[in-house]
Every structure is written in structure tokens, then in C-alpha cells.
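# no sequence on hand, only this structure:
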């Protein structure tokens with residue numbers, strides 16, 4: 001038990017005892033017919049001072065801040081916060097061992113259309129399928145996470161090189177885009193991937209995330225599939241036009 005709780009309980013007992021004594025005293029006055037206003041007022045004033053003092057001294061407690069869950073409730077994968085913690089642990093080790101560490105982020109295109117067309121349950125099945133595929137396609141040293149509604153990420157502590165990281169991103173993108181059989185419905189959802197490598201493209205965990213996501217935006221705009229970050233890429237990005245035809249998911253009922 002914390003010191004604040006101990007003090008709080010002690011003060012509460014003091015208030016209870018003081019009020020009880022005050023009530024007993026007033027009852028004694030009444031029993032003996034004592035009606036002196038000054039005596040009664042003195043007892044009431046003492047009780048009020050005791051209550052006010054204890055209220056001032058009682059520690060103010062605030063509910064503890066909610067800690068975000070370490071894993072996503074739908075897929076069971078680590079969350080973005082958990083992945084960031086792992087990135088923060090990985091980069092110093094990679095730096096000391098002069099090892100390239102890569103981060104690849106994936107965005108599932110048209111997931112909202114799958115939810116609207118086939119229902120939220122099928123959309124959830126699709127997300128679980130993607131999570132299972134990615135987890136099965138990486139090494140034990142890698143970490144797969146769900147970092148958004150339709151976004152996943154893979155941390156590659158031993159990426160080897162920027163070129164190797166891009167090859168891994170392309171391989172995993174192929175895994176993500178394979179058709180999935182969901183309750184008798186063949187669903188294939190397009191995706192894009194963006195990657196960045198420490199220390200080639202970023203010096204900090206935040207920079208690594210930002211530049212991988214910049215590469216992802218470039219991949220989505222250019223429809224190049226998987227893209228690795230390049231210097232100056234931010235200035236080249238512009239909103240991509242999306243037509244009604246592009247928004248339709250590929251669905252095939254068996």
C-alpha cells in the first residue's frame with residue numbers, strides 16, 4: 001500500500017472519531033439539559049474545523065493512465081507502440097554491430113470496400129489472413145505488427161543491405177496479395193509497401209518510421225508495388241487520383 005493511501009485512511013479514521021466524539025458530546029449536553037449556545041457552538045465549530053483540515057490534507061488521487069495493449073485484439077500481432085519500442089531497442093544494437101536494420105510498412109488498398117461489400121466479418125477474416133501470412137513468411141528475428149486499420153509493418157533487425165530490404169519487401173508484398181478463400185469467396189486485395197533502412201535512410205526510430213511511410217505513399221501514388229525510401233522523396237509526393245473503377249475490390253464467388 002502506498003504512503004498516500006495510508007495517510008488517507010488515517011485521516012479518514014480521525015474524521016470519523018472526531019465526528020463521533022462531537023455527536024456524543026452534543027448528546028451528553030441534551031441528556032443533562034445543557035443548552036448553552038456557546039458550548040454547543042464550540043463543539044460544532046471544532047467538528048467543522050476537523051473536517052475541513054482533513055479534507056485539505058487528504059491526498060487527491062487520480063486514476064492511473066490507461067496503458068495501451070501490447071497486442072492487437074483482432075490479429076494478435078504487436079501494436080504500433082510495441083513495434084516502436086522494439087525499433088528503439090534494435091537500432092542501438094544494429095549500430096554497435098554495424099548491421100543494417102530495415103522497416104517495411106504495408107497498406108491494404110480497398111479494405112473499406114471489402115467491408116462495405118461483404119461485411120465487417122469478412123474484412124476481419126482478411127486481416128487475420130494477412131497477419132498469419134506475414135508471420136509465417138518472416139524469420140524468427142523479425143517482428144510483424146499491425147500499425148493501423150489497414151496497415152502492417154515488419155521490422156527486419158538484420159536486413160543485410162538496402163537492396164536486400166527491398167527484395168524482402170517485394171517478397172512479402174507478394175505474400176500479402178495472394179488471393180484468400182474467405183467463407184467460399186475468393187478475395188484478392190491490392191497492397192503497397194514502403195521501406196527504409198537504418199542507418200542508410202534514418203538515424204532514429206522516428207525517422208525510420210517516417211521514411212518508410214514516405215516510401216509507402218510513393219508506392220501507392222506510383223503503383224510501383226514496393227518502394228524503398230530515397231532522399232528528396234517527400235517533395236515529389238502529391239495526392240493520387242482514384243477512380244471509381246480503381247476502388248472496386250476483386251471478388252469471385254465460388
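Great, that's in hand. This one's a predicted model, so the numbers in the text were calculated from it and none came from an experiment.
# low-scoring stretches of the stretch 101-250 of the chain, by residue?
Along the stretch 101-250 of the chain, segments meeting pLDDT under 70 span 236-250.
# tell me where it has strands.
Shown for the stretch 101-250 of the chain, the strands assigned by DSSP state E, counting those that start in this stretch span residues 101-108, 143-148, 151-156, 180-182, 185-188, 191-198, 226-228, 250-253.
# and the first one, what does it pack onto?
With contacts defined as 3 or more CB pairs under 8 Å, 6 or more residues apart in numbering; DSSP states H and E, strand 101-108 has these neighbours: helix 80-96, helix 120-137, strand 151-156, helix 162-176, strand 191-198, helix 205-222. To be clear about C-beta, it is placed using only N, CA and C from the backbone, and glycine gets the same treatment.
# would you map out the domains in the protein?
3-57, 80-253 (automatic domain parsing).
# grab the nearest non-local neighbour of residue 213.
Nearest residue to residue 213 in three dimensions, chain neighbours excluded: residue 105, at 5.7 Å (CB to CB, 6 or more residues apart in numbering).
# contacts only, for that neighbour.
147, 151, 152, 153, 193, 194, 195, 209, 212, 213, 215, 216 (CB atoms under 8 Å, 6 or more residues apart in numbering).
# out of these, which is nearest to residue 163?
residue 195 (10.8 Å; CB to CB).
# the closest one touches residue 230, doesn't it?
No: Residue 195 is beyond contact range of residue 230, at 11.0 Å (criterion: CB atoms under 8 Å).
# rebuild the helices and strands packed on strand 101-108 as CSV, extending it with distance to residue 182.
Below are those laid out as CSV (distance: least, CB to CB, whole Å):
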stretch, distance to residue 182
helix 80-96, 25
helix 120-137, 5
strand 151-156, 17
helix 162-176, 15
strand 191-198, 16
helix 205-222, 24
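# nearest to residue 72, out of those?
Using CB to CB, the helices and strands packed on strand 101-108 put helix 120-137 closest to residue 72, at 8.1 Å.
# pull out the buried positions in that closest one.
122-123, 125-131, 133-135, 137 (16 or more other CB atoms under 10 Å).
# and the two most separated of those residues?
Farthest pair in the buried residues of helix 120-137, by CB to CB: 122 and 137, 22.4 Å.
# relative to residue 77, which of the strands of the stretch 101-250 of the chain is closest?
Using CB to CB, the strands of the stretch 101-250 of the chain put strand 143-148 closest to residue 77, at 4.6 Å.
# outside of that closest one, which residues touch it?
With CB under 8 Å, 6+ apart as the test, strand 143-148 has contacts from 72, 74-75, 77-80, 82-83, 86, 105, 127, 131, 134-135, 138, 152-155.
# swap in 6 Å and give it another go.
72, 75, 77-78, 80, 83, 86, 134-135, 138, 152-155 (CB atoms under 6 Å, 6 or more residues apart in numbering).
# that one pairs with which strands?
strand 151-156 (antiparallel) (DSSP bridges).
# now do the partner strand against helix 80-96, angle only.
20 degrees (axes from the mean of the first three to the mean of the last three CA atoms, to 10 degrees).
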